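# coords below, sequence missing:
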């Protein structure tokens, strides 16, 4: 098994009939991952994909669920009822996740009754994705979100998700993000890793900000990448069904299917704001200055066209 070291841990909460823990982080090849992922790493790295598999990859809280729902609607020709057949976590399993029954592992394969392609979600950085995906030239959609908004969204997610490491106060969360000490590691390495490999591995690299600015344009980009061609009215319907408002009210995607002791949405909704520029409501002027200086160092030499406002 690869190098694994305990990086951090915190307490646990109790649920009737069992215990739910804020999982400690363990380093796998230098990337902090939740312990249940790290202890199953041999199975994850040996995952046998199929060339028809479609991978949706993101750093956490970068538009994953949004993209999953767009893809499912495109693959099912905009049929809303078909896309309500099961919660999104069941329809598109989470490759490295090992916390059934609410979110089955991607290793469990295609949900019964679904036809190919099998759509799988991951937060793994490029270098940790099972190599078969790249050898088999599987289609991969990667979504990146600007660092400041991604940090804010991840902070609120860690507050409500009682299996994630305790986030602590906002002031101390910022340096943890900057130092890559959160689950799934460094945002900087993550976005740069997929960007560098996008052409060689036929990765459709999307930006959250572009999706917010012109959702129809980006839905059509995904449609073409999937080799689909749908009529105008179907595309319009998909754009409408995947608006933030529609998804926030959709029980198949808003994660209300996860029990409260796991996702305490009274602390923060899973689908919180879905905005670009919310970082302005969180960063002080000094925090923004320090973050920007570090950002310039960490992203030096990269030409990824991020936007922090639109």
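Good, I have the coordinates. Values in this document were obtained by computation on a predicted structure and should not be read as measured data.
# and the helices in the protein?
With helices called from DSSP state H, the chain shows them at 35-38, 41-45, 64-75, 88-91, 132-135, 147-160, 170-178, 187-197, 208-213, 215-225, 232-241, 244-248, 285-298.
# can you tell which of those is closest to residue 308?
For the helices of the chain, the distance to residue 308 is smallest for helix 147-160, at 5.5 Å, taking Cβ to Cβ. Using the backbone N, CA and C atoms, a C-beta is placed for each residue, glycine as well.
# and the closest one, how far out from the chain middle?
12 Å (Cα atoms, centre = their mean, to the nearest Å).
# do you know which of the helices of the chain lies nearest residue 53?
Per Cβ to Cβ, nearest to residue 53 of the helices of the chain: helix 132-135, 7.1 Å.
# buried residues in the closest one, which are they?
132, 133, 134 (16 or more other Cβ atoms under 10 Å).
# contact partners of that helix?
47, 48, 49, 53, 55, 138, 140, 201 (Cβ atoms under 8 Å, 6 or more residues apart in numbering).
# was I right to think the third one contacts residue 137?
When you say that, I think you mean residue 49. No - with contact defined as Cβ atoms under 8 Å, residue 49 does not reach residue 137; the gap is 10.5 Å.
# higher neighbour count, these two?
A count of neighbours by other Cβ atoms under 10 Å puts residue 49 above the other of residue 49 and residue 137, at 21 against 10.
# what is the nearest of the buried residues of helix 132-135 to residue 123?
residue 133 (14.2 Å).
# what is the neighbour count of residue 217?
Neighbour number of residue 217 under other Cβ under 10 Å is 11.
# what's the answer for residue 249, then?
11.
# quick one: contacts for it?
No contacts exist for residue 249 under Cβ under 8 Å, 6+ apart.
# how near is it to residue 146?
26 Å (Cβ to Cβ, to the nearest Å).
# what does residue 285 give?
Residue 285 is 18 Å from residue 146, by Cβ to Cβ.
# pLDDT weak spots in the stretch 151-300 of the chain?
Scanning the stretch 151-300 of the chain for pLDDT under 70 picks out no residues.
# ok, back up a step: in a markdown table: the contacts of helix 132-135, plus distance to residue 74.
A markdown table is the format used below for these (distance: Cβ to Cβ, whole Å):
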| residue | distance to residue 74 |
| --- | --- |
| 47 | 24 |
| 48 | 26 |
| 49 | 20 |
| 53 | 16 |
| 55 | 15 |
| 138 | 17 |
| 140 | 15 |
| 201 | 21 |
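# of these, buried ones?
Judged by 16+ other Cβ under 10 Å, buried ones among the contacts of helix 132-135: 47, 49, 53, 55, 138, 140, 201.
# the fifth one contacts residue 55, correct?
It stands for residue 138. Yes - counting by Cβ under 8 Å, residue 138 does reach residue 55; the two are 5.7 Å apart.
# just to revisit the earlier point, tabulate the helices of the chain (JSON lines), appending distance to residue 22.
As requested, the helices of the chain are exported to JSON lines (distance: least, Cβ to Cβ, whole Å):
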{"stretch": "helix 35-38", "distance to residue 22": "10"}
{"stretch": "helix 41-45", "distance to residue 22": "20"}
{"stretch": "helix 64-75", "distance to residue 22": "21"}
{"stretch": "helix 88-91", "distance to residue 22": "20"}
{"stretch": "helix 132-135", "distance to residue 22": "30"}
{"stretch": "helix 147-160", "distance to residue 22": "9"}
{"stretch": "helix 170-178", "distance to residue 22": "14"}
{"stretch": "helix 187-197", "distance to residue 22": "21"}
{"stretch": "helix 208-213", "distance to residue 22": "27"}
{"stretch": "helix 215-225", "distance to residue 22": "34"}
{"stretch": "helix 232-241", "distance to residue 22": "34"}
{"stretch": "helix 244-248", "distance to residue 22": "26"}
{"stretch": "helix 285-298", "distance to residue 22": "25"}
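# among those, which comes closest to residue 272?
Nearest of these (Cβ to Cβ): helix 147-160, 5.6 Å.
# just the angle for that closest one relative to helix 187-197, thanks.
Going by axes from the mean of the first three to the mean of the last three Cα atoms, to 10 degrees, helix 147-160 is angled at 120 degrees with respect to helix 187-197.
# ok, residues contacting helix 147-160?
Outside helix 147-160, the residues touching it (Cβ under 8 Å, 6+ apart) are 59-62, 145, 164-167, 170, 173-174, 177, 182, 187-188, 208, 263-265, 267-270, 272, 275-279, 282-283, 288, 291, 295, 306, 308.
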